[in-house]
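>>> Here's a sequence, model it:
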Amino acid sequence: MDAQAHWENVFRLTPWKLYSRGAPNLWAVHYKSYFLHLASRISGRYPNLKECEFIISRLEKISPRNEGEAIRPRAIYYDDKHCDFTVFVDYLVPHDQEPSLRPSDFDNVLEDGEGLHKGRSAEWYRTTWDVVLRKVRRFSDHFDLDHYQYYKPHAGNFRIGLPRTDSIGELRKIFDRWP
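Below you'll find the model as predicted:
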């Protein structure tokens, strides 16, 4: 089986649906109930989808305690030169309530700035977690969990892996509160 046939077969067996965003290193994707962007620094190949699944599974371990809150992955950037990830996430909280989670609640699970995987004396895929608190009006006719307003202003950040704000680990160190 040639390489192209192999990758086509792998794609058919995954729950991912990938769409080109007009460049060889940019994709819009659907995975489970999520819509997100994927980007690679150099290669014309999307980031390893198994690692992306692992990233999303880490996010899914975080459970907001208040009704109406949601955690949504927005983009995964893979720096294929240094084997690092930057993950962009929105924490949606109704406009009239306080968030039930602090940055430390995220960082306890995500381990900002550390490797996704750890061995005896090594770790790999160092990951920066860019989590932004967004106050939302869930009953607005303009509201959607994946509304374009969450993506469009940050497309440049998603494309080059430039965080939108301090990482979740940095927020934890700065009084463990949201800006």
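>>> pLDDT weak spots in this protein?
Applying pLDDT under 70 to the chain flags residues 1, 3-4, 7-8, 10-12.
>>> For it, which segments count as helices?
Under the criterion DSSP state H, the chain contains helices at 3-12, 49-60, 103-110, 155-160, 168-173.
>>> Can you give me the neighbour number for V136?
By the criterion of other Cβ atoms under 10 Å, V136 has 20 neighbours. Just so you know, the C-beta spots here come from the backbone N, C-alpha and C atoms, and that holds for glycine as well.
>>> partners of it in the sheet?
When bridges are called by DSSP bridges, V136 pairs up with P94.
>>> Enumerate every residue touching it.
L92, V93, P94, H95, F143 (Cβ atoms under 8 Å, 6 or more residues apart in numbering).
>>> from those, which two are the most distant?
The largest separation in these, counting by Cβ to Cβ, is between V93 and F143 at 12.7 Å.
>>> ok, back up a step: with distance to A155 and neighbour count added, can I get the contacts of V136 in JSON lines?
Below are the contacts of V136 laid out as JSON lines (distance: Cβ to Cβ, whole Å; neighbours: other Cβ atoms under 10 Å):
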{"residue": "L92", "distance to A155": "19", "neighbour count": "20"}
{"residue": "V93", "distance to A155": "23", "neighbour count": "22"}
{"residue": "P94", "distance to A155": "26", "neighbour count": "17"}
{"residue": "H95", "distance to A155": "25", "neighbour count": "11"}
{"residue": "F143", "distance to A155": "21", "neighbour count": "12"}
